[in-house]
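Participant: Got a predicted structure here, sequence first:
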Amino acid sequence: MSKLDHPLSQFSTATLSDGLDRLGRPGSLLGLSPLGAGAGLFGRAFTVRYVNAGTPAGTVGDYLDEVEPGRVVVLDNAGRTDCTVWGDILTAMAHHRGVGGTVIDGVCRDVARAVDLSYPIYSRGRFMRTGKDRVEVSDTGRPVSVGGVQVAPGQLVSADADGVVVIPVDVEDDLVDICTRINEREQAILADVLAGKSLAGARAEHGYHLLQRRGQS
């Protein structure tokens, strides 16, 4: 598993989410959590969309052959929790090829392999029933919907213990500056309260309650 070297990779998802709030842009994926602690990810999205299987049913896809090292596989399975679209073979291959991780609007299985390899997977949970003959790949490399947010191919995806955030390409540079300021102010508040200053006083001095508000300096 490899992470993309980018200025935004230094920030937590909490800081990135606050920064996106300040820009008035969505990016926090609702309902997705990591399989285990400590396996974060940061990279650009490779998108895959699933639909209900037709007659005859299509396949769950061999797209992983096309995924470059460092990319994050983003799977739109419409939030389904009754069948999986990621399992043991995909985890082992992705880890071997240096894929950055996997984000699923749905569930995964064979989680023991992912935990053992510390391969980062973020999903709505785990369930063992296969997606074969229940869903099929509709398309790859096109915008998908995950956790209530549109994710386009090539968008930055960041995930840690708090969840997953995606970052629109057109705000990457602005977000670096905003997150740097947010981080600096939060660190200043922390230093002040640990030095004995009141929480209310430290927050007021550094503008804590307005850090994420749109239009603030």
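Facilitator: Thanks, I have it.
Participant: other SSEs contacting the helix or strand harbouring Ala202?
Facilitator: Here Ala202, judged by DSSP states H and E, is contained in helix 199-206. On a contact count with 3 or more C-beta pairs under 8 Å, 6 or more residues apart in numbering; DSSP states H and E, helix 199-206 meets helix 172-194. In short, each C-beta sits where N, CA and C put it, glycine included.
Participant: Dead centre of this structure: give me the residue that sits there.
Facilitator: By C-alpha atoms, centre = their mean, the chain has its centre lying nearest to Val164, at 3.1 Å.
Participant: which residues does that one contact?
Facilitator: Thr13, Ser28, Leu29, Leu32, Val103, Tyr122, Val146, Gly147, Val157, Ser158 (C-beta atoms under 8 Å, 6 or more residues apart in numbering).
Participant: same deal with Arg44?
Facilitator: Arg44 makes contact with Leu4, Gly70, Arg71, Val72, Pro153, Gly154, Gln155, Leu156, Val157, according to C-beta under 8 Å, 6+ apart.
Participant: Reformat these as JSON lines; add secondary structure, pLDDT and distance to Val171.
Facilitator: Output for the contacts of Arg44, formatted as JSON lines (DSSP: H, G, I helix; E, B strand; the rest coil; pLDDT from 0 to 100; distance: C-beta to C-beta, whole Å):
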{"residue": "Leu4", "secondary structure": "coil", "pLDDT": "78", "distance to Val171": "17"}
{"residue": "Gly70", "secondary structure": "coil", "pLDDT": "96", "distance to Val171": "21"}
{"residue": "Arg71", "secondary structure": "coil", "pLDDT": "97", "distance to Val171": "20"}
{"residue": "Val72", "secondary structure": "strand", "pLDDT": "98", "distance to Val171": "18"}
{"residue": "Pro153", "secondary structure": "coil", "pLDDT": "98", "distance to Val171": "17"}
{"residue": "Gly154", "secondary structure": "coil", "pLDDT": "97", "distance to Val171": "14"}
{"residue": "Gln155", "secondary structure": "coil", "pLDDT": "98", "distance to Val171": "10"}
{"residue": "Leu156", "secondary structure": "strand", "pLDDT": "98", "distance to Val171": "10"}
{"residue": "Val157", "secondary structure": "strand", "pLDDT": "98", "distance to Val171": "14"}
